[in-house]
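[1] 3D model of this:
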Amino acid sequence: MKTFTKALVAGCFALATAGAALAQDNPMVGGAAMFADKNIVENAMNSADHTTLVAAVQAAGLAETLQGEGPFTVFAPTNAAFEALPAGTVETLLKSENKEMLVKVLTCHVVGAKAMAADVQKMVMDDGGKHVIETLGGCKITAEVKDGMVTLTDETGGVATVTIADVVQSNGVIHVIDKVLLPKG
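    Predicted coordinates:
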């Protein structure tokens, strides 16, 4: 019986340590641990900094897609990024009659591949300082590295900075950004 108890305690310790290791491998986002064994939507729902993004993803009907196999890279704007848009923009986008535009804006933040920060930085360097990334929404965003930080310029000239990179998900990776990327006209 002692052997069984020791094995059970050791097994529980191993599971607890593995769970802690998964959380430690990823940075905290929005005050919550991000887990590499959860998908993009599951982790985003736990971030206090991404409630607007989660609401928008749900309103656009994209939650199921972003819970899918992927791989995806999501440039995830914070609540503050959405708040920085002109007054009424978020409310307008969330209206059912504007679903097509909401989908376009959100998919301009998603790439159909897993691109870690080092991958993006290498693409930028290989392309002479700028690399154009095509998103699932058909937007072209230009990645650059400035002072060691990855920046993304959208089609309107808006510039977002990656503030938290390499948040690994079961179906890709999230990079937290400080501005909402917008498609042209």
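
[2] out of everything not next to it in sequence, what's closest to L106?
    A60 (5.4 Å; C-beta to C-beta, 6 or more residues apart in numbering). Placement of C-beta: from N, CA and C, glycine included.

[3] Ignore what I typed, I meant N171.
    G70 (3.4 Å).

[4] What separation is there between V105 and L93?
    7 Å (C-beta to C-beta, to the nearest Å).

[5] oh, I was asking about V57
    Relative to L93, and taking C-beta to C-beta, V57 is found at 12 Å.

[6] Have a look at the two and say which one is more surrounded.
    V57 (27 against 21; other C-beta atoms under 10 Å).

[7] List the contacts of the more buried one.
    Neighbouring residues of V57 by C-beta atoms under 8 Å, 6 or more residues apart in numbering: V41, A44, A63, L66, L106.

[8] Run through who's touching the helix or strand where the second one lies.
    Which is A44. Using DSSP states H and E, A44 sits within helix 40-46. Applying C-beta under 8 Å, 6+ apart, the external contacts of helix 40-46 come out as 29-30, 32-35, 50, 53-54, 57, 63, 66-67, 70, 72, 74, 76, 167, 169, 171-172, 174.

[9] all helices of the chain, in order?
    Remark: helices assigned in the chain by DSSP state H are 2-25, 40-46, 51-59, 63-66, 79-83, 89-94, 99-107, 117-126.

[10] I'd like to know which of the ones you listed has the weakest mean confidence.
    Sorting the helices of the chain by mean pLDDT places helix 2-25 lowest, at a mean of 40.

[11] Kind regards, and thank you for your time.
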